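**Q** Okay, sequence plus prediction incoming.
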There are 2 protein chains.
Amino acid sequence: MNIYDIAQIANVSIATVSRVVNNSPKVSEKTRKKVLDIIETYGYTPNVFAQGLGLNTMHTIGILVPTIADLYISRAVACLEESLHEMGYDIILGCSGYAAKQKEIHIEMMLSKRIDALILVGSTYAGSDDETHNTSYISKAAEEIPVFLINGLIEGKNIYCNAAEDYRASYEVTTELIKRGRKRIVFLFDSRSYSANQKKSGYEHALLDAGIEFVPELEIFMKNDIDTVRSIFCNYDYLDYDAVFATDDAMAIGAMKYLKAIGKNIPEDVSIVGYNNSMFCKCTSPELSSVDNKVELVASQTVKSLKTVLGKEGNVLHKNMVACELVRRATI
Amino acid sequence: MNIYDIAQIANVSIATVSRVVNNSPKVSEKTRKKVLDIIETYGYTPNVFAQGLGLNTMHTIGILVPTIADLYISRAVACLEESLHEMGYDIILGCSGYAAKQKEIHIEMMLSKRIDALILVGSTYAGSDDETHNTSYISKAAEEIPVFLINGLIEGKNIYCNAAEDYRASYEVTTELIKRGRKRIVFLFDSRSYSANQKKSGYEHALLDAGIEFVPELEIFMKNDIDTVRSIFCNYDYLDYDAVFATDDAMAIGAMKYLKAIGKNIPEDVSIVGYNNSMFCKCTSPELSSVDNKVELVASQTVKSLKTVLGKEGNVLHKNMVACELVRRATI
């Protein structure tokens, strides 16, 4: 039984039930009594919703993302919103960009609202090599409300992390490429975030464990944009390589376009693997093999953690990891 | 001068300025006075922000979308959030899906919050052929707060519509295809929303005006999904056509994949044009020509209307149209 059922039984709108629960003055005493009676009669006391009857909760969750125009992030938020809405929560959405100062400002703004918890989507919030000390504002936020990270890992009280096993996925993809005879694997990355570092580390360790020489210039840092990748590959035309592994599908596609344009056969001459298993993978020919980092699963696990923490229903692991899966299409 | 400047000058956090402006009890009298003094000294009274000092506003805008995992919609929301955040507004985000009942429930929920305005993103909110009378709940919402539609058109007081000129764009694309010698143009559509109907109408009128026979079976309604399109085209293999025009890029790409698989040359044998000018267009080979329906421009125009309406700064057109542009790549 949820808020919709209550509304139906009481023959009032959802808005009215919500007003009653939130003690809004806009409801007549008669209606208020009717709704509260039904809530009591039907024993309707799910943890989260019940809190609002007495405690000082706004049924509101803050979700902060660097940008909602990113495919991975918008998929995560779609999934979060669906579950949280079912649980009777509103979503306050903020888009902070990637700069540390702006992230801090956005989190401060969110804290000034009465939110019950904060969800940070994207490993950019877990800090990066360049700014090792810039996650203290997250720990500070966690002193006020529970903070949930998607694809990031920060130690600290009241911080709960759900992430894909990027290290392992990257290690396994690299190992598979090596087993298929590839020895000079280009690694493309666009960020020094927590998850990008995990991927890079998995790639490097797989080479090491297979006894393949690590060639620094095969690790290329670049902007995640199809056209940029093509122009960068033109500049690196002296490089010798037989595979490309990118931390995002768009970079893999940029590489594929360049390679096809110079007459290479995919995957005979060069194998290509992307990351995120986005809708892009099916647009290319051949279709792109890509790591599915299970964004929906990570998001739903986050909601599960949140429900347990806010409902005080038990202990929640500080860190929950989800296994990735390589989706093999035609480029490997 | 904005809220950040005030915070810097007062040497307090943004959250504190926000608390002062929102009359939160969590601020000491001393700090409250300091912040208000600075606000007064620097003559800081932009309309929107100033309202919060006295009036009963929450600086909160409700944004309702069918799903945030759609590329067009997430781009619109990214743009809306950026501008609204700069103006000091919070965003409450709701994802209603496409069913009329759920849309109505979500709007009711939003109204029960203290939002200053409601933005509906996507022409699904403008109703469709199948459910002609299902927009009354939007007119009802507009009795409480201003409602802004992106890519939809509903008549009514306190409703403001910003949309792309889809009829004209579709008419022009069809006309261009005809001028290039195409006579049997398949039209793919996935919705009977306001904007889909505009596109369909533009296509039909262009055929009519050019004296080209309208062939009903060339108008194909289908699910907007790359793989679905391919299987549907297999079923229609008796159809004779020399161009495909789709109301979304994904359908155009599905058609392209099918046509390439059966050995057709694009665009020599069949021209293809998509819609939305999404990131998908650059993933395909050849790259997809597509109608740019200027999502960022429509979103920023919506914010402009909203600012004028909430600030009571003048009259706002009920309907603002933005011209589209055909981006010619390699499939036309």
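**A** Structure's in. What do you need?
**Q** So, low pLDDT: which residues of chain A?
**A** Confidence mapping of chain A against pLDDT under 70 gives the ranges A:1-2, A:4, A:22, A:43-58, A:127-133.
**Q** any idea where the strands of it begin and end?
**A** Applying DSSP state E to chain A gives strands spanning A:60-65, A:90-95, A:117-121, A:147-150, A:159-164, A:185-189, A:219-221, A:243-246, A:271-275, A:289-292, A:319-322, A:325-327.
**Q** would you turn these into JSON lines with mean neighbour count and distance to residue A:201?
**A** C-beta here means a position set from N, CA and C on the backbone, and glycine is covered the same way. Converted to JSON lines, these look like this (neighbours: other Cβ atoms under 10 Å in any protein chain shown; distance: least, Cβ to Cβ, whole Å):
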{"stretch": "strand A:60-65", "mean neighbour count": "25", "distance to residue A:201": "25"}
{"stretch": "strand A:90-95", "mean neighbour count": "23", "distance to residue A:201": "29"}
{"stretch": "strand A:117-121", "mean neighbour count": "26", "distance to residue A:201": "22"}
{"stretch": "strand A:147-150", "mean neighbour count": "27", "distance to residue A:201": "19"}
{"stretch": "strand A:159-164", "mean neighbour count": "24", "distance to residue A:201": "14"}
{"stretch": "strand A:185-189", "mean neighbour count": "23", "distance to residue A:201": "11"}
{"stretch": "strand A:219-221", "mean neighbour count": "16", "distance to residue A:201": "11"}
{"stretch": "strand A:243-246", "mean neighbour count": "28", "distance to residue A:201": "13"}
{"stretch": "strand A:271-275", "mean neighbour count": "27", "distance to residue A:201": "14"}
{"stretch": "strand A:289-292", "mean neighbour count": "24", "distance to residue A:201": "15"}
{"stretch": "strand A:319-322", "mean neighbour count": "16", "distance to residue A:201": "15"}
{"stretch": "strand A:325-327", "mean neighbour count": "16", "distance to residue A:201": "18"}
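**Q** could I get the ones you listed as JSON lines with distance to residue B:17?
**A** Formatted as JSON lines, the strands of chain A follow (distance: least, Cβ to Cβ, whole Å):
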{"stretch": "strand A:60-65", "distance to residue B:17": "18"}
{"stretch": "strand A:90-95", "distance to residue B:17": "16"}
{"stretch": "strand A:117-121", "distance to residue B:17": "20"}
{"stretch": "strand A:147-150", "distance to residue B:17": "22"}
{"stretch": "strand A:159-164", "distance to residue B:17": "26"}
{"stretch": "strand A:185-189", "distance to residue B:17": "38"}
{"stretch": "strand A:219-221", "distance to residue B:17": "38"}
{"stretch": "strand A:243-246", "distance to residue B:17": "42"}
{"stretch": "strand A:271-275", "distance to residue B:17": "40"}
{"stretch": "strand A:289-292", "distance to residue B:17": "43"}
{"stretch": "strand A:319-322", "distance to residue B:17": "35"}
{"stretch": "strand A:325-327", "distance to residue B:17": "47"}
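**Q** Out of those strands, which is closest to chain B?
**A** strand A:90-95 (4.2 Å; Cβ to the nearest Cβ).
**Q** in its sheet, what does that closest one sit against?
**A** Paired with strand A:90-95 in the same sheet, following DSSP bridges, are strand A:60-65 (parallel), strand B:90-95 (antiparallel).
**Q** I figured residue A:274 hits residue A:249, correct?
**A** Yes: between residue A:274 and residue A:249 there is a contact at 3.7 Å, judged by Cβ atoms under 8 Å.
**Q** what is in contact with these two at once?
**A** The overlap between the contact sets of residue A:274 and residue A:249 (Cβ atoms under 8 Å, 6 or more residues apart in numbering or on different chains) consists of A:280, A:281, A:288, A:290.
**Q** near chain B too, which of those residues?
**A** Among these, the ones lying near chain B by Cβ under 8 Å from any Cβ of the partner chain are residue A:280.
**Q** which one of the shared contacts of residue A:274 and residue A:249 is nearest residue B:215?
**A** Set against residue B:215, the nearest of the shared contacts of residue A:274 and residue A:249 by Cβ to Cβ is residue A:280 (33.3 Å).
**Q** ok, that closest one - contacts?
**A** Residue A:280 makes contact with A:71, A:249, A:250, A:253, A:274, A:288, B:279, B:280, B:283 under the criterion Cβ under 8 Å, 6+ apart.
**Q** Could you export the residues you listed as TSV, including distance to residue A:170?
**A** As requested, those are arranged in TSV below (distance: Cβ to Cβ, whole Å):
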residue	distance to residue A:170
A:71	19
A:249	14
A:250	17
A:253	18
A:274	12
A:288	16
B:279	24
B:280	26
B:283	23
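**Q** out of the residues you listed, which is most surrounded?
**A** Neighbour tally across these (other Cβ atoms under 10 Å in any protein chain shown): the maximum, 30 neighbours, falls on residue A:274.
**Q** ok, what's across the strand from it?
**A** residue A:290.
**Q** For residue A:210, which non-adjacent residue is closest in space?
**A** residue A:178 (4.7 Å; Cβ to Cβ, 6 or more residues apart in numbering or on different chains).
**Q** related to what we said a few turns ago, I'd like the shared contacts of residue A:274 and residue A:249 written out as CSV, with distance to residue B:214 added.
**A** Formatted as CSV, those follow (distance: Cβ to Cβ, whole Å):
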residue, distance to residue B:214
A:280, 35
A:281, 37
A:288, 39
A:290, 42
